[in-house]
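Participant: Here's a sequence, model it:
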Amino acid sequence: ESRSLFSSMFSSLLAAPSAASQRQRATRASAAAAAGAKPAWMAEMEAMEEEVGATCAVCQEGRTLQPSELLGLYAYVKKVSIPSSQGGGKGDIDGAVLLLSLPTSFPSSLMSADDAEALFEKARSTANALEGSSHALSAMTSAASSITGGAGGGRSNHYITTVSAGNAIHCSCHKKAKAADRNHPKAPKSEWEGASLRNSRVTCNVIMPLVSSKTSKVPLVAVETALADYSTIITNTLGARPKSILWNCLHDIRFLLLRMAHGEALGADCGGGSSSSNFLLALYQLYSADMFALNSEHDESVEVSRHARGLSAGFLVGVDIVDGPEFSRHEGRSKRLERGVADAAPMAALCSILFYNADSEPSGNTKKTHNLSGSQHQERKAPPPTRQWELYKSKFLLGLVRCAGRRHSLGLTDSGCVTSRGISTGRKNVEKARSFADWSGGSGSEDSAPDSSGVLSSLTASAWTKSSSSSLRRTTMIEEYSRALRPMLTLYAVFDQLSKEFVLGDDEGAEESSERLAAKLESCYKAEDINDLLRIAEINDVGNDVICKYFEKGATS
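Facilitator: Numbering: from 1, shown residues only. Got it, this is the predicted structure:
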């Protein structure tokens, strides 16, 4: 009995710790469960998606968290007036003169090219749509005056140019902040005084709506209201309503890229704005331009959209014609065509990237959802290698070189957007970007322009070309022309990078693209000489002698 009693006591002693350990484990589990429980607000925060792209300067939210709110970029816009005799003719810049100077029938000199007939048909249909319009009449009148030396060449043409520091804001948040600034009890501020504080203390006077396919959830009323406010400010700046909002936007983009190509400090007018922030502005302006092109088919004249979409085809055909063996420079139509190729080269390159950066076919449909292999893209889409710029970029390059020679012959050494120091002096405050390397020497300076007063006479141009060809070797000549060539070669490098970055309808990678574009521009700025710039721009298949020849053709056109 004593043994059994001892056994039962021993068993109870063994069982007691087991129960206690179970209770301890249960206590630990309940404590761990209590510790693992999160507040509802924290779980909600962790479940929220991260913002991608631009965010509002007030609420710090963007399209991911506020898809129904329209974003806009704070920007600074100013008016620019350029005489037609100084490269400011609208018909020259937008290619209207080029298109209207094309031959009425397919030239025999183009029959050897495979795609020349399709390009010519598109260019000719564009010219037919333009003929008889008020813009065509004014463009051709101005072009005739410039060739004959008439008084029409001194007429000023008015544009806008926009820069930005890259700060976005919801249009609704700006409206609320505007009311709060106005009703502040101690320090009331005007609309744009308060906006400049939210814009990193950079002066601004307009909000450019960020309109693209990503704004499909934004109410149409909000988009129309924002565009109406933007258009009102542009109208007040110009002093008149733009005849075409599409071309107003395209001219604005062209001036912005031209200012960067010349190395001009973009913050000289407003006190801020980097290259990357302004490339971001340019990308969003391209998205807006595509929307304006679609709307112009219904809201504006049909020729407006056709003109923009057919310009690159007309330019490519014009390049082949003026370089053909049968081309004669002595006829008035031929002179207009050759000069039109040079003047319209930057805008033609821009329109090519805008409308045909996804497909070389001139269909106008640039929205792609699949890659070349047919598989669905999961990440950022990339332009295919069959895009128009990639197929014809050597022709665009030679057109830009012609443009450099043409601007050199007019004595133009800046973009035309530089602010004058004073009315009495008329001197321009040409402030350069900090990284813009100074190239000493070269005939591209203002002092060595063949004729800074305007268009060269045929006798002076012939003598200048002949003497330069006989006295200097081509390698030396490109160094002599280096300063005059520099802006357009830089612009070519920017266009080439832009064609790799711009995908219509896909603006999620706009910020990364703007950084890469800015890096390319900075590399061009830091180029030690013209040969270094040619290497950075990846101009390997066009020799120095060809560049010099086309520069001289542009200077004597």
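Participant: going forward, measure contacts between C-alpha atoms and count neighbours the same way
Facilitator: Will do.
Participant: shaky segments in the stretch 451-557 of the chain?
Facilitator: Along the stretch 451-557 of the chain, segments meeting pLDDT under 70 span 451-475.
Participant: Same question for the stretch 301-450 of the chain.
Facilitator: Where the stretch 301-450 of the chain drops to pLDDT under 70, the residues are 359-382, 420-429, 441-450.
Participant: rerun that using 90 as the cut-off
Facilitator: 301-303, 324-333, 358-386, 418-435, 440-450 (pLDDT under 90).
Participant: What of the stretch 51-200 of the chain?
Facilitator: Residues of the stretch 51-200 of the chain that meet the cut-off, pLDDT under 90, sit at 51-55, 62-67, 85, 107-116, 132-134, 138-139, 141-155, 185-187.
Participant: which residues in it form strands?
Facilitator: For the stretch 51-200 of the chain, applying DSSP state E, counting those that start in this stretch gives strands covering 71-83, 156-170.
Participant: I'd like those strands laid out as TSV, including mean neighbour count.
Facilitator: Listed next are those as TSV, based on neighbours: other C-alpha atoms under 10 Å:
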stretch	mean neighbour count
strand 71-83	21
strand 156-170	23
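Participant: Export those strands as TSV, with columns for distance to Asp529.
Facilitator: Formatted as TSV, the strands of the stretch 51-200 of the chain follow (distance: least, C-alpha to C-alpha, whole Å):
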stretch	distance to Asp529
strand 71-83	30
strand 156-170	28
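Participant: Tell me, how many residues neighbour Ser108?
Facilitator: Using other C-alpha atoms under 10 Å, Ser108 is surrounded by 10 other residues.
Participant: separation between it and Ile321?
Facilitator: From Ser108 over to Ile321 the distance is 10 Å, taken as C-alpha to C-alpha, to the nearest Å.
Participant: Gly263 too?
Facilitator: To Ile321, Gly263 is 33 Å away according to C-alpha to C-alpha.
Participant: Spatially central residue in the chain, please.
Facilitator: Ala282 (3.6 Å; C-alpha atoms, centre = their mean).
Participant: Identify the residue nearest that residue in space, chain neighbours excluded?
Facilitator: Leaving out its chain neighbours, the residue that sits closest to Ala282 by C-alpha to C-alpha, 6 or more residues apart in numbering is Ile253, at 6.0 Å.
Participant: ok, and that neighbour, which helix or strand is that part of?
Facilitator: Element membership for Ile253, per DSSP states H and E: helix 245-261.
Participant: Let me see the residues that make contact with that helix.
Facilitator: 159-163, 242, 266, 275, 278, 282, 285-286, 289, 292-293, 296, 304, 346-347, 350, 414-415, 417, 487-488, 490-491, 521 (C-alpha atoms under 8 Å, 6 or more residues apart in numbering).
Participant: Any of those residues buried? List them.
Facilitator: With burial judged by 16 or more other C-alpha atoms under 10 Å, the buried subset of the contacts of helix 245-261 is 159-163, 242, 266, 275, 278, 282, 285-286, 289, 292-293, 296, 304, 346-347, 350, 414-415, 417, 487-488, 490-491, 521.
Participant: so of the residues you listed, which ones are in strands?
Facilitator: The members of those that map onto strands under DSSP state E are 159-163.
Participant: Which parts of the stretch 151-300 of the chain are helices?
Facilitator: 171-182, 191-198, 220-238, 245-261, 275-299 (DSSP state H, counting those that start in this stretch).
Participant: Now do the longest one: which elements does it pack against?
Facilitator: In this structure, helix 275-299 makes packing contacts with strand 156-170, helix 245-261, helix 302-322, helix 332-355, helix 510-525, judged by 3 or more C-alpha pairs under 8 Å, 6 or more residues apart in numbering; DSSP states H and E.
Participant: Just want to know which of Gly263 and Ile321 has more residues nearby.
Facilitator: Gly263 (26 against 22).
Participant: Ramachandran angles for that one?
Facilitator: The phi/psi pair for Gly263 (degrees, to the nearest 10) reads phi 80, psi 20.
Participant: correct me, but it touches Ala433?
Facilitator: Yes - with contacts counted by C-alpha atoms under 8 Å, Gly263 reaches Ala433, the gap being 5.6 Å.
Participant: Nearest to Ala226 among the strands of the stretch 51-200 of the chain would be which one?
Facilitator: strand 71-83 (8.6 Å; C-alpha to C-alpha).
Participant: Show me what the closest one is packed against.
Facilitator: Packed against strand 71-83, as judged by 3+ C-alpha pairs under 8 Å, 6+ apart, are the following elements: strand 156-170, strand 206-209, helix 220-238.
Participant: Tell me how far it lies from the chain's centre.
Facilitator: Remark: strand 71-83 is offset 14 Å from the chain centroid, using C-alpha atoms, centre = their mean, to the nearest Å.
Participant: Quick one: work out the angle between that strand and helix 191-198.
Facilitator: Here the directions of strand 71-83 and helix 191-198 differ by 120 degrees (axes from the mean of the first three to the mean of the last three C-alpha atoms, to 10 degrees).
Participant: Describe which strands strand 71-83 pairs with in its sheet and in which direction.
Facilitator: strand 156-170 (antiparallel), strand 206-209 (antiparallel) (DSSP bridges).
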